[in-house]
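Colleague: Below is the sequence, then the predicted model.
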Amino acid sequence: MKYRLKFGLYILILGSLLPFASSASAPQASRSDEDVLVTSGDIGRRGGHLLASLHSDPKTLNPVTALDVPSKQVIGLLGADLIHIDAYTQHTEAALAKSWKASGAGTHYTLDLRHGVRFSDGHPFDADDVVFSFKVYQDEKVHSPQRDLLEVAGKPIQVRKSGPYQVDFELPQPYAAAERLFDSVRILPRHLLERAYEEGKISEVWGTASDPSQIAGLGPFRLKQYVPGQQIVLERNPFYWKADKAGNRLPYLDEIAFLIVPTADAEVIRFQAGDVDVISRVSADNYATLEQGQRARDYQLYDAGPGLEYNFLVFNLNDLSSKHLPDIGRKQEWFRRVEFRQAVSAAIDRESIVRLVYQGRATPLWDQVTPGNKLWMNAATPQPPRSLAKAADLLRSAGFTRREDGVLVDAHGQPVEFSILTNPSNAQRTKIATIIQDDLAQLGMQVRIVPLEFQAVMARIFDSYDYEASVLGLVSGDADPNPEINVWTSGGATHVWALSETLPLPGWQTEINRLMREQTTILDYRKRKEAYDRVQELVAQFDPVVCVVSPHVLVAAKNTVGGFKPAVMGDYALWNADRLFRIDILRKR
């Protein structure tokens, strides 16, 4: 499951910039037996380094166990996959597998691997590394987070070597997003890790204190130096298997260094001071701050539009029969009424949220798929403007009335009042909750904002169910619908509004369950999209969560960085790090 809940800022601990020399090995000349992948795009110039930043130290450099974002960012540059999802186009493309074919009605895949590829330590790569890698990731004793991704219909994918550079994969049933599964697996060097795996110690290797010479991958860079709390330096992989259309082996850069800069505000200060060349995610407030000095300071800001994140208001619809929460249970009589949720949605001023919370750099939402999803957004989903009159009509149809003092009461005369949990460290979500509070007050609802530390909010939503409503956000690691299954189907781990569901299910939920399961086996894109379009319509119509807004992906880069092309998936700024180069080197020559 490629999900993470978005939350607030990190504790301020500033690291200092360490000098580092450019000593990366020269790229190896292409051999006649080497299947080099030729890329498109600007032709850059070799040399120089780039300074980026992380908000905390990576916890590991082991792709088998990595969970935290900083670890994944670094590992993404050290490793490579068989079939890659291009973060910009959102389509799959050839990577370590130069070609593949499906057979058996979509249950059998044969991948032909590139010949002559080497790991960053110079050791040859072949089918044995692929089989070994899948064996490790799928081993239930290893507890890799990728293990669930490598199952179809609850059964593991079968992997076997059919030649030195050919691997066969057998799926239990047709799976529409099969090609995209291969993007989640960083191929491991069997020659370095097989012994640790056989000894049951694979989870202990490649920690942050490891000797860089003992870590090898197939990505554009390899580890050079790590100073905890300060920086991690990567150098060019001289054996990298990509080249530009002029025949120059990638990557162009000699080194990429990540400074440990714990807060977004500190990151902006370092960027303005010239200590950082790129920022992968800028807040709307900091974007406005940087805009003021953009020309004078020789950098450029990019608004890439909405990403894959959607923020929403969620009501507690869990089965509370075993939780002894009578007050919340009484209010669930309101929350379960479709008209009530529809009225709340109609009353929310999404345009004001975009303007006041994100300074215009966000997009209002009525369902879970943002315009940033180029492949799956349903453009026909209704996007009605805010209407307090419509909201009032919906509430009247559900038996709610306004007293003479303006307070909204239910059919039993009980005032409609509830609380919204927020995490104060996420200032934007807190502002969203405050605007919703004001909007619903205009309907006579009395809404309280309850600030809690992030982990406490998560404990109430996922464990105790002791909450009435909350403002949350989810972001998928892929544009494909399949990672959304755990959100929209009953019993899913991120089915946040009803982790424990009351039976029988409402008709709309039963239909969503059926559609989400069916679309996993529909191999025709158009038919599959029709199914997921219908899911979006049901979410917008019945509001199991009230979708509100998608923040834009905002990034920044110095004008000296060439090839820069921000994406709304993955590492927004460094997804194409192998093609970034220094323009100032070109000017000097």
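Modeller: The structure has been received and is ready for your questions.
Colleague: Convert the C-alpha atoms of the strand of greatest length in the chain to PDB, please.
Modeller: Looking across the chain with DSSP state E, the single longest strand is strand 545-558. C-alpha atoms of strand 545-558 as PDB (Å, rounded to 0.1, in the frame of the first residue of the first chain):
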ATOM      1  CA  VAL A 545     -15.700  11.700   3.100                       C
ATOM      2  CA  VAL A 546     -16.200  15.300   2.100                       C
ATOM      3  CA  CYS A 547     -13.400  16.100  -0.300                       C
ATOM      4  CA  VAL A 548     -12.300  19.700  -0.100                       C
ATOM      5  CA  VAL A 549      -9.000  20.700  -1.700                       C
ATOM      6  CA  SER A 550      -5.800  19.500  -3.300                       C
ATOM      7  CA  PRO A 551      -2.700  21.600  -2.600                       C
ATOM      8  CA  HIS A 552      -0.500  22.400  -5.600                       C
ATOM      9  CA  VAL A 553       3.000  21.000  -5.900                       C
ATOM     10  CA  LEU A 554       5.200  24.000  -5.400                       C
ATOM     11  CA  VAL A 555       9.000  23.600  -6.000                       C
ATOM     12  CA  ALA A 556      12.000  25.900  -6.300                       C
ATOM     13  CA  ALA A 557      15.300  25.700  -8.100                       C
ATOM     14  CA  LYS A 558      18.300  27.900  -8.800                       C
END
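Colleague: List the strands paired with that strand, with their directions.
Modeller: Here strand 545-558 has these sheet partners by DSSP bridges: strand 278-279 (antiparallel), strand 299-306 (antiparallel), strand 309-315 (antiparallel), strand 362-364 (antiparallel).
Colleague: could you give me the average pLDDT of the helix or strand that it is followed by?
Modeller: Counting by DSSP states H and E, the next helix or strand C-terminal to strand 545-558 is strand 561-562. Throughout strand 561-562, pLDDT has a mean value of 96.
Colleague: could you say what helices and strands strand 561-562 packs with?
Modeller: Secondary-structure packing of strand 561-562 (3 or more Cβ pairs under 8 Å, 6 or more residues apart in numbering; DSSP states H and E): strand 581-582, helix 583-588. For every residue, glycine as well, the C-beta is placed using N, CA and C.
Colleague: Save the strands paired with strand 545-558 as CSV, and put in mean pLDDT and distance to residue 82 too.
Modeller: Formatted as CSV, the strands paired with strand 545-558 follow (pLDDT from 0 to 100; distance: least, Cβ to Cβ, whole Å):
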stretch, mean pLDDT, distance to residue 82
strand 278-279, 98, 28
strand 299-306, 96, 27
strand 309-315, 97, 27
strand 362-364, 98, 34
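Colleague: Now the lengthiest helix in the chain: buried residues?
Modeller: Looking across the chain with DSSP state H, the single longest helix is helix 525-542. Within helix 525-542, the residues that qualify as buried are 528-529, 531-540, 542, counting by 16 or more other Cβ atoms under 10 Å.
Colleague: Residues contacting it, please?
Modeller: Residues outside helix 525-542 that contact it (Cβ atoms under 8 Å, 6 or more residues apart in numbering): 176, 338, 341-342, 366-369, 375-378, 380-382, 481, 488, 506, 508, 511-512, 515-516, 518-519, 522, 545, 547.
Colleague: Now restrict these to buried residues only.
Modeller: Among the contacts of helix 525-542, those classed as buried by 16+ other Cβ under 10 Å are 176, 341-342, 366-369, 376-378, 381, 481, 488, 508, 512, 515-516, 519, 522, 545, 547.
Colleague: residue nearest the centroid of this protein?
Modeller: With distances taken as Cα atoms, centre = their mean, the residue of the chain nearest its centroid is residue 477 (3.3 Å).
Colleague: So that one is in contact with residue 483, correct?
Modeller: Yes: contact criterion Cβ atoms under 8 Å: residue 477 and residue 483 qualify, at 6.6 Å.
Colleague: Can you show me the helices along the stretch 201-350 of the chain?
Modeller: Using DSSP state H, counting those that start in this stretch, the helices of the stretch 201-350 of the chain run over residues 264-272, 284-291, 326-335, 338-347, 350-358.
Colleague: Could you export those helices to a markdown table, including columns for distance to residue 45?
Modeller: As requested, those are exported to a markdown table (distance: least, Cβ to Cβ, whole Å):
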| stretch | distance to residue 45 |
| --- | --- |
| helix 264-272 | 24 |
| helix 284-291 | 27 |
| helix 326-335 | 59 |
| helix 338-347 | 52 |
| helix 350-358 | 37 |
